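**Q** Build me a model from this:
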Amino acid sequence: MYLIKGVTYVKITNITNPTRFFEVIKDCKGSVELVTKDGDRLNLKSTLCQYIELTQMFKDARISDVELVVSEPEDFTKLLDFLVRG
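**A** Numbering: from 1, shown residues only. Down below sits the predicted model:
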């Protein structure tokens, strides 16, 4: 995790409950973006972008690792709670 100009960048590995993960994302107040391997950013609050990521997850049977850009500190706390408690 690192912070640049008030934006949190975090790498998350082994998301085994993507349904709950996307529920947490939906509950976030600010933007939460996934950074692709090509450097593109996908807004995970968008249903279309969630579909794209879920398609990849079903191909691999899990979300192995993602890099997220989180605009609000309270949203990072929600994501951290998800990672710790599930």
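
**Q** The one helix or strand Val66 maps to: what's the following helix or strand?
**A** Using DSSP states H and E, Val66 maps to strand 63-70. Along the chain past strand 63-70, the next helix or strand (assigned with DSSP H and E) turns out to be helix 73-85.

**Q** Each with direction, which strands does the strand holding Val66 pair with?
**A** Looking at strand 63-70 with DSSP bridges, its partner strands are strand 7-15 (antiparallel), strand 32-35 (antiparallel).

**Q** These: which one's closest to Gln50?
**A** strand 32-35 (9.5 Å; CB to CB). Placement of C-beta: from N, CA and C, glycine included.

**Q** How about the closest one, which residues are buried there?
**A** 32-34 (16 or more other CB atoms under 10 Å).

**Q** List the contacts of the residue sitting nearest the centre point of the chain.
**A** Centroid-nearest residue in the chain: Leu68, 5.1 Å away (criterion: CA atoms, centre = their mean). By CB atoms under 8 Å, 6 or more residues apart in numbering, the contact set of Leu68 is 9-12, 32-35, 44, 79.

**Q** Output the below-cut-off pLDDT ranges for this structure.
**A** Scanning the chain with the threshold set as pLDDT under 70 gives 1-5, 56-64.
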